[in-house]
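> Next one to model:
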Amino acid sequence: MMKDELRRLKSLAGPLPAFDIDEVPDDPRLLFSSWFRDAVQAGVEEPHAMVLSTVDEQGAPDARILILKHLDHRGWHFATTDQGPKGRQMALNPQVALTFYWTRLGRQVRIRGSVERAGPQERDVDFLARPAGARAIALTARQSETLASTKDLGDALELQQDRMRQRPDLVAQHWGLFIVAPREVEFWQGDTERRHRRLRYRQEATGWAREKLWP
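Reported below is the predicted structural model:
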């Protein structure tokens with residue numbers, strides 16, 4: 001039954017935008033910024049949502065959706081706790097991947113690189129800019145632990161909210177702001193006839209090399 005349901009679903013139905021692979025900037029961050037703004041203008045929901053992929057201590061892949069916080073000359077920024085699985089995995093192996101997919105445009109961007117930490121001042125600014133509920137849950141420092149009851153969660157959040165009222169500048173010291181320095185960035189533009197257009201940037205000693213890929 002599931003197979004039949006899946007077969008009935010359409011994909012890349014279009015209309016989809018054009019992508020001239022020969023008319024692109026030298027730096028993939030500039031092209032990403034342009035595509036991101038296209039996604040916002042097209043009404044893509046949560047265009048800043050991305051998949052962060054890591055590997056665990058056994059070398060098995062792990063993935064989850066996070067929110068892009070910033071993009072600058074250093075790379076793509078996101079934030080998370082050091083104490084959860086992804087924080088521990090990145091400490092063990094800093095090689096990560098990011099994936100964006102904007103359905104309405106049929107566009108995907110894949111980034112591979114190494115993750116670096118931002119400084120404590122940037123980290124603190126990021127943390128204090130988070131909504132109160134997000135700060136409270138981060139301060140519990142229990143991400144991905146087994147939860148015995150929802151009452152335990154409520155009690156822990158109430159405790160942290162009290163701390164935040166007493167100290168509005170309270171920052172979780174296990175919080176981290178991370179930056180993915182890119183090694184490869186691939187742009188994928190879907191096509192209704194499956195003549196997808198793919199462009200990969202590769203970091204070399206002299207700058208970014210560009211190469212077209214088969215669909």
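> First-to-last residue distance for stretch 70-78?
7 Å (C-alpha to C-alpha, to the nearest Å).
> now the helices: where do they sit in this protein?
Listed in chain order, the helices of the chain (DSSP state H) span residues 2-8, 28-41, 85-92, 120-128, 132-139, 150-166.
> Which one, of these, ends up nearest to Arg74?
When those are compared by C-beta to C-beta, helix 28-41 sits nearest Arg74, at 9.6 Å. Glycine gets a C-beta too; all of them are placed from N, C-alpha and C.
> buried set for the closest one?
Burial within helix 28-41, assessed by neighbour count using 16 or more other C-beta atoms under 10 Å, is assigned to Pro28, Arg29, Leu31, Phe32, Trp35, Phe36, Asp38, Ala39.
> lowest-pLDDT helix or strand in this structure?
helix 150-166 (a mean of 86; mean pLDDT, DSSP states H and E).
> for the buried residues of helix 28-41, which one is nearest Ala118?
Nearest to Ala118, judged by C-beta to C-beta, of the buried residues of helix 28-41 is Arg29 at 16.6 Å.
> Which pLDDT value does the model give the closest one?
Predicted confidence (pLDDT) for Arg29: 98.
> Tell me the spacing between it and Ile111.
As for Arg29, its distance to Ile111 is 10 Å (criterion: C-beta to C-beta, to the nearest Å).
> can you list residues touching both of those two?
Residues within reach of Arg29 and of Ile111 at once, by C-beta atoms under 8 Å, 6 or more residues apart in numbering, are Pro182.
> Adding distance to Lys3 as columns, could you present the buried residues of helix 28-41 in JSON lines?
Formatted as JSON lines, the buried residues of helix 28-41 follow (distance: C-beta to C-beta, whole Å):
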{"residue": "Pro28", "distance to Lys3": "38"}
{"residue": "Arg29", "distance to Lys3": "41"}
{"residue": "Leu31", "distance to Lys3": "37"}
{"residue": "Phe32", "distance to Lys3": "36"}
{"residue": "Trp35", "distance to Lys3": "33"}
{"residue": "Phe36", "distance to Lys3": "35"}
{"residue": "Asp38", "distance to Lys3": "34"}
{"residue": "Ala39", "distance to Lys3": "31"}
